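Student: what follows is a predicted protein model with its sequence.
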Amino acid sequence: MAGSSFGVLFRVTTAGESHGPANVVIVDGVPAGLPLSEEDLLPDLKRRRPGQSKLTTQRQEEDQPEILSGVFDGRTTGTPIAVLFRNQDARSRDYGNLAELYRPGHADYSFDARFGFRDYRGGGRSSARETVARVAAGAIARKLLAQQGIRLLAFVRQVGDISAKVEDPTRLTLEQVEATPVRCPDLEAAARMAELIETVRKEKDSIGGIAELVITGVPAGWGEPVFDKLKADLAKALFSLPAVLGVEYGAGFQVATARGSENNDPFVNREGRIATEGNRHGGMLGGISTGMPLVLRCAVKPTSSLPREQATVNQKGEATTVQTFGRHDPCLLPRFIPMAEAMAAIVLADHGLRSLSARLST
């Protein structure tokens, strides 16, 4: 399928379906000599895996990675890295009623319109199951970025109409984010979010929200000035994830009501380093990083698969109803967090390698 690869120098290709035998990712462009093992991939994979709490889908997948190539004696060889994930708990029988029905909010109809044929088991290729491969690639990218002091951390900013209070996201720790199953560092808000998610689950419904992503340590000068702006590639990466309907960075849509004199971040000399007083620009100007933290937010829609009856049509256009019997997240936000981090890491690893060819060394 076209469009299954992402990146230029650090390039990621995924393959697999929700209910196929396995998912696989090939990561090309990783420099030789990076220490890497299957254990290095597990922390992020465990944060993404299903069945981790009652707030997520109860599908049980161990998501144990098998590195097939590109690593020898614990280090990358500079050749393509292939990682395999075998599907172990697919229940295709739960989707037998969907072969000729179009689920509201899903890609069923659009897949038929494009290909004239689709794998209806759990959403096939468009299922979030595919993101296991991305998270593995992101873990490799994160290791590469960590050598340069770059840190990525996402958290749940909002679920429904419940918003977290986080004064300085750049100071958050992974432990604070992981302290609750919701992955919200505001414990009071997290408790209310969990209650809301449980309520909609019991009502056979779902709820959406907002994830915030903060990246520190990115040096000034990463990105391209026109089509491959760093902000554009980050937005494309995040929009490529299932259920993302909006991406903003910095002040985001608040700029629509601001004046230029209010919105501009004045440059200052901070202990011999050029910086800005504020960060309304979200760490990127002209599509190129400024050295300030990158700050992005994603609006994630409610899960489309619902166990309640919904109106729809079949492939003949005849009115009917549909009910989804599979196992699904009542709220996607908790498991979305490692996915967002992974896609951002892939973009930054790519632009970091590309920055090396931007000018002659001085």
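Tutor: Great, that's in hand. Quick caveat: nothing in here was measured; it's all calculated off a predicted structure. Numbering: from 1, shown residues only.
Student: pLDDT (mean, whole number) over stretch 162-172?
Tutor: Over the span of stretch 162-172, the pLDDT mean works out to 96.
Student: neighbouring contacts of that stretch?
Tutor: With contact meaning C-beta atoms under 8 Å, 6 or more residues apart in numbering, stretch 162-172 is reached by 153, 155-158, 184-186, 189-190, 192-193, 196, 212, 214, 216, 293, 295. The way it works is simple: take the backbone N, C-alpha and C, and place the C-beta from them, glycine included.
Student: okay, buried residues for that stretch please.
Tutor: 162, 163, 164, 166, 169, 172 (16 or more other C-beta atoms under 10 Å).
Student: same check on stretch 306-325?
Tutor: Applying a neighbour-count criterion of 16+ other C-beta under 10 Å, one finds 306, 307, 312, 322, 323, 324 buried in stretch 306-325.
Student: among the residues you listed, give me the pair with the biggest separation.
Tutor: In the buried residues of stretch 306-325, two members sit farther apart than any others by C-beta to C-beta. They are 307 and 312, at 14.7 Å.
Student: strands of the stretch 51-200 of the chain, start to end?
Tutor: With DSSP state E, counting those that start in this stretch applied, the stretch 51-200 of the chain shows strands at 66-69, 71-72, 75-76, 81-86, 151-159, 162-163, listed in chain order.
Student: present the ones you listed as a markdown table; the columns should include distance to residue 143.
Tutor: Below are those laid out as a markdown table (distance: least, C-beta to C-beta, whole Å):
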| stretch | distance to residue 143 |
| --- | --- |
| strand 66-69 | 13 |
| strand 71-72 | 12 |
| strand 75-76 | 9 |
| strand 81-86 | 11 |
| strand 151-159 | 12 |
| strand 162-163 | 33 |
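Student: for residue 17, find the nearest of these.
Tutor: Closest to residue 17 of those, according to C-beta to C-beta: strand 81-86, at 12.0 Å.
Student: quick one: mean pLDDT over the closest one.
Tutor: Taken as a whole, strand 81-86 has an average pLDDT of 96.
Student: right, so of the strands of the stretch 51-200 of the chain, which gets closest to residue 352?
Tutor: Ranking those by their distance to residue 352 (criterion: C-beta to C-beta) puts strand 151-159 first, at 12.6 Å.
Student: just checking: what are the partner strands of the closest one?
Tutor: Strand pairing for strand 151-159, determined by DSSP bridges: strand 162-163 (antiparallel), strand 209-216 (antiparallel).
Student: distance from the chain centre to the last one, please.
Tutor: Okay, so that is strand 209-216. When C-alpha coordinates are averaged (C-alpha atoms, centre = their mean, to the nearest Å), strand 209-216 and its chain have centres 10 Å apart.
Student: which is the succeeding secondary structure element to that strand?
Tutor: Following strand 209-216 in sequence order, the next helix or strand is helix 230-239 (DSSP states H and E).
Student: one step back: pick the most buried one from the strands paired with strand 151-159.
Tutor: Highest mean neighbour count of the strands paired with strand 151-159: strand 209-216, a mean of 23 (counted as mean count of other C-beta atoms under 10 Å).
Student: for that strand, which outside residues touch it?
Tutor: Counting by C-beta under 8 Å, 6+ apart, strand 209-216 makes contact with 150-160, 166, 169-170, 172, 193, 238, 283, 293-300, 331, 333, 336-337, 340-341, 344, 348, all of which sit outside it.
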